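Participant: Need a 3D model of the following:
(2 chains)
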Number of protein chains: 2
Amino acid sequence: MDLENSQKAVNELVPRVHELLTHQRTREARALLVQLMEPEVADILGDLEPAEKAVAFRLLPRDEAARVFAYLAPDEQERLLHGMHSEQVGPLLDAMSPDDRAEFFEELPGQVVAKLLLLLRPEERKQTQAILAYPEQSVGRLMTPDYLTVRPDWTVQQALDYLRQHGRDAETLHTIYVTDEPGKLLDDIRLRQLVLASPHQTVESLMDRTIVPLYASSDREEAVRVMERYDRPVLPVVDRDGVLVGIVTFDDVADVAAAEATEDIQKMGGVEALEVPYSKITLTRLIRKRGTWLLILFMGEILTASAMGYFQDELSRAVVLALFIPLIISSGGNSGSQASTLIIRALAIREISVKDWRRVLGRELVCGVALGLLLAAIGLVRVLLWQWLGWQNYTNHYALVAFTVAAAVAGVVLWGTIVGSMLPFILILARLDPAAISAPLVATLVDVTGLVIYFSVAFLILRGSLLG
Amino acid sequence: MDLENSQKAVNELVPRVHELLTHQRTREARALLVQLMEPEVADILGDLEPAEKAVAFRLLPRDEAARVFAYLAPDEQERLLHGMHSEQVGPLLDAMSPDDRAEFFEELPGQVVAKLLLLLRPEERKQTQAILAYPEQSVGRLMTPDYLTVRPDWTVQQALDYLRQHGRDAETLHTIYVTDEPGKLLDDIRLRQLVLASPHQTVESLMDRTIVPLYASSDREEAVRVMERYDRPVLPVVDRDGVLVGIVTFDDVADVAAAEATEDIQKMGGVEALEVPYSKITLTRLIRKRGTWLLILFMGEILTASAMGYFQDELSRAVVLALFIPLIISSGGNSGSQASTLIIRALAIREISVKDWRRVLGRELVCGVALGLLLAAIGLVRVLLWQWLGWQNYTNHYALVAFTVAAAVAGVVLWGTIVGSMLPFILILARLDPAAISAPLVATLVDVTGLVIYFSVAFLILRGSLLG
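Facilitator: Numbers count the residues shown, from 1 in each chain, chains lettered A, B, ... in the order given. Below you'll find the predicted structure:
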């Protein structure tokens, strides 16, 4: 069954669950839900009426309920909790894994979090508070304290016995951590190593002392990069003293990677990062997120009206020049947004770094000249052809007009390419996020300068004739 | 040690390795390299001179050499192989994991692959050929056949003994697969379940029969989506008959996810997907990838020159109208690229689907009106203010000019928002990839229609006065 079919199956189950619930056949509904996997149950709940949702959710065994809860959208989580008694809320939250619980709390207002924290068992409360104390977007917020540690002087048999006794709760047993008495991380070993080793070996004999720890205070993007580089499904998290304080698993890191890609894409499209799914964000917030950038870009673009004010004289003497304004400035914007997109992405995935700027400039100059000449040739032919075919009359000086358009296109494309490719480096040097550069921003910057280039070229070429 | 420090440490080790090699202190160089992790060794090799690179590589134990080889860039892999005898090449390729080996072969020309395949041991050759027979970009190309299967009627003890005997080579022992005699996949169980269970239980008693298999022939993006949805580090791959043929691990899926994000971002920036890293692509290929789209956009933008040809009369009577052309058309392009970026990303991560188009249209209409009115107000104030301050002279009819600009901005922003948000849906209905829509493409589409809106509005408002 592939994903499409699974989604279809889920859609078909919704009316079935609805029917069972309206006929109070709760036992059958429960049997049906329990055999599904958590993301699927979450999808079905999402499609039920609010009252039914609450009933169906309460049918689930507590541990499964906690896992399903983690897959629900934040607003559905809140609505479900609202309909529950606090005796039910505590155990549900207790049964969630600490990182899922912290993620849920992050979405709630501060007072609600404080109230809910009181419902937790003391040890769960401590874990959640510890995670919440780390700054937002930090590795600390991603980690879970559900891991197991062994000591280097234990035998493999001792370690396996210890895991058998304490392993039920650990989020992952893929990797076991070796620590010394004060809790300092010495090494990580995989469960497979323990299983494959002879029972009488010591844990120390399995150690290779190559660990890739994360700092709890690092930015969460660090987790994405380290996991990508070292291909490990679990990474240990340490504090400043090297003491193990948690682990980060591949699934949470994959979520971060996807969220960061979404943010980058939105910024490149000229929108502030929404931070909430498009379908969930309120209209006022959506308008504000887009309005901010749209306003900045509009203010920038107002400069084009001022710039053209300077050339009003030339324009009234040669209205024909106005016809090519959109063509010329858009060529600069397009080539600029191509260049900036390529460079920003290459910087984001660390494929190039700031020190490569000279090499990038060299390549981009070649690209800019080649692409500029290509478009210039087409522009030249377009003007001449329309004139010869009698489709347009570009005055007696049409050949000079054609030449002006071609030269301006070449210049603007080269300029757009240079601006688009160097702007990301400039932002990094100014300690700003290069991902804040969007295609529309580059286009706006190039529009204003593009007009100046166009009219300067026109002045040079046409001053003896049309602009006489 | 975080990633930054690790990178710094690697940079500092390069001269040290270089020094050891020039003084023929190979034993020390080997000791130094062996204690590092594979991605770090690959980085160091990348920074050495070609001759040294080959020497350093040969110092590595064979299994480590194979793993390091998988982390090298394709062109470095090729260069290393060129310098080796075929007696050395065979064992090196044999020691690579089958999916890494297939990935390496994918980058090579067909004849080279055929030659190299002959150097492999028969069973390795069979595995690689099997993977290479699946279409490019398919799940089959990602999978590795290094997994272990057990039977449902075995006891836990039998299963663990079996793993101990056969587990050395398996790429991951995180998940063990239960199959019947003809190889059909029945269930997956985790190693931790085996370790935590009592040795006398049967494997069947651990089974819950919830599996999420992938088809070998599915698109590789399916692996990304399934792994994201079900949070599993390993997924089984089956053929049409449900027979287990391989597994796909989280690290390969993370690479696919990153590559797909890069492609989407490049397409959104108006470039064909490069498919090769920016810093590795040849200049001619880079120019071709950008030139194609730049040309298409230029052709589209040429229509603006034709559209304006129709309004040449109006323009010569009211040159003042030309001043606001860049401002007005760019507003449409910017709002359009915002809308298309948000919708394309939401569709890509399956946060909305085609059937949501009505709801999206409703929201976007509200956004378009709100944002259009906001910018229109600013445009109105801008024209009036400059006139009153005496910075510009927009003729005696300046109030009507201001009103024309404002009305055109509002109309163009609304139009851009509608086009940008609906275009992705139209492409999906036409069975095309919505990610092919770029900010520049939306801008170009909106530029032409934006000019028509502007001059129509101008004609309506100014025909009694300026356009007499």
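Participant: what's the burial count for residue A:313?
Facilitator: Neighbourhood size, residue A:313 [other C-beta atoms under 10 Å in any protein chain shown]: 11. C-beta: built from backbone N, CA, C; applies to glycine.
Participant: Run through the residues that contact it.
Facilitator: Residue A:313 makes no contacts at all, as judged by C-beta atoms under 8 Å, 6 or more residues apart in numbering or on different chains.
Participant: What are the buried residues along the helix or strand harbouring it?
Facilitator: If you go by DSSP states H and E, residue A:313 is part of helix A:312-317. Going by neighbour count (16 or more other C-beta atoms under 10 Å in any protein chain shown), the buried part of helix A:312-317 is A:314, A:315.
Participant: can you check stretch A:90-105 too?
Facilitator: Quick answer for stretch A:90-105 (16+ other C-beta under 10 Å): A:90, A:92-105.
Participant: so for the helix holding residue A:313, what's the average pLDDT?
Facilitator: Averaging pLDDT along helix A:312-317 yields 84.
Participant: Contacts (any at all) between chain B and stretch A:166-180?
Facilitator: Yes. Contact of stretch A:166-180 with chain B (C-beta under 8 Å from any C-beta of the partner chain) involves A:167, A:168, A:173, A:174.
Participant: Now render those as CSV, adding distance to residue B:327.
Facilitator: CSV is the format used below for the residues of stretch A:166-180 next to chain B (distance: C-beta to C-beta, whole Å):
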residue, distance to residue B:327
A:167, 66
A:168, 65
A:173, 62
A:174, 58
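Participant: biggest separation within the residues you listed, which pair?
Facilitator: Largest separation among these by C-beta to C-beta: A:168 and A:174, giving 15.3 Å.
Participant: These two: who's more crowded?
Facilitator: Legend: neighbour count by other C-beta under 10 Å for residue A:168 and residue A:174, higher for residue A:174 (25 against 10).
Participant: Domain-wise, how is chain A divided?
Facilitator: Following automatic domain parsing, one finds the domains of chain A at A:3-137, A:149-263, A:283-462.
Participant: Which strands and helices lie in contact with the helix or strand of chain A with the lowest mean pLDDT?
Facilitator: Of all helical and strand segments in chain A, the minimum by mean pLDDT, DSSP states H and E falls on helix A:110-119, at a mean of 75. Applying 3 or more C-beta pairs under 8 Å, 6 or more residues apart in numbering or on different chains; DSSP states H and E, one finds that helix A:110-119 contacts helix A:86-95, helix A:98-106, helix A:122-133.
Participant: If we use 10 Å, what do you get?
Facilitator: helix A:74-82, helix A:86-95, helix A:98-106, helix A:122-133 (3 or more C-beta pairs under 10 Å, 6 or more residues apart in numbering or on different chains; DSSP states H and E).
Participant: Quick one: distance of the first one to the chain centre.
Facilitator: Spelled out, it's helix A:74-82. Distance of helix A:74-82 from the chain centroid (C-alpha atoms, centre = their mean, to the nearest Å) equals 25 Å.
Participant: Grab the nearest non-local neighbour of the closest residue to chain B within the stretch 151-300 of chain A.
Facilitator: Here the stretch 151-300 of chain A gets closest to chain B at one residue, residue A:269, 2.5 Å apart by C-beta to the nearest C-beta. The shortest distance from residue A:269 to any non-neighbouring residue, by C-beta to C-beta, 6 or more residues apart in numbering or on different chains, is to residue B:341 (2.5 Å).
Participant: Helix or strand: which one has the one you found?
Facilitator: Short version, using DSSP H and E: residue B:341 is in helix B:325-348.
Participant: okay, that helix in PDB with CA atoms only?
Facilitator: Listed next in PDB are the C-alpha coordinates belonging to helix B:325-348 (Å, rounded to 0.1, in the frame of the first residue of the first chain):
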ATOM      1  CA  ILE B 325       4.800  51.900 -15.500                       C
ATOM      2  CA  PRO B 326       7.600  50.100 -13.600                       C
ATOM      3  CA  LEU B 327       5.800  50.900 -10.200                       C
ATOM      4  CA  ILE B 328       2.500  49.500 -11.300                       C
ATOM      5  CA  ILE B 329       3.600  46.300 -13.100                       C
ATOM      6  CA  SER B 330       6.100  45.400 -10.500                       C
ATOM      7  CA  SER B 331       3.400  45.600  -7.800                       C
ATOM      8  CA  GLY B 332       1.500  43.000  -9.700                       C
ATOM      9  CA  GLY B 333       4.600  40.800 -10.200                       C
ATOM     10  CA  ASN B 334       5.500  41.000  -6.500                       C
ATOM     11  CA  SER B 335       2.100  40.100  -5.200                       C
ATOM     12  CA  GLY B 336       1.800  37.300  -7.700                       C
ATOM     13  CA  SER B 337       5.100  35.800  -6.800                       C
ATOM     14  CA  GLN B 338       4.200  35.900  -3.100                       C
ATOM     15  CA  ALA B 339       1.000  34.100  -3.800                       C
ATOM     16  CA  SER B 340       2.500  31.500  -6.100                       C
ATOM     17  CA  THR B 341       5.400  30.800  -3.700                       C
ATOM     18  CA  LEU B 342       3.100  30.200  -0.800                       C
ATOM     19  CA  ILE B 343       0.700  27.900  -2.700                       C
ATOM     20  CA  ILE B 344       3.400  25.900  -4.500                       C
ATOM     21  CA  ARG B 345       5.200  25.100  -1.200                       C
ATOM     22  CA  ALA B 346       1.900  24.200   0.500                       C
ATOM     23  CA  LEU B 347       1.100  21.900  -2.300                       C
ATOM     24  CA  ALA B 348       4.600  20.400  -2.400                       C
END
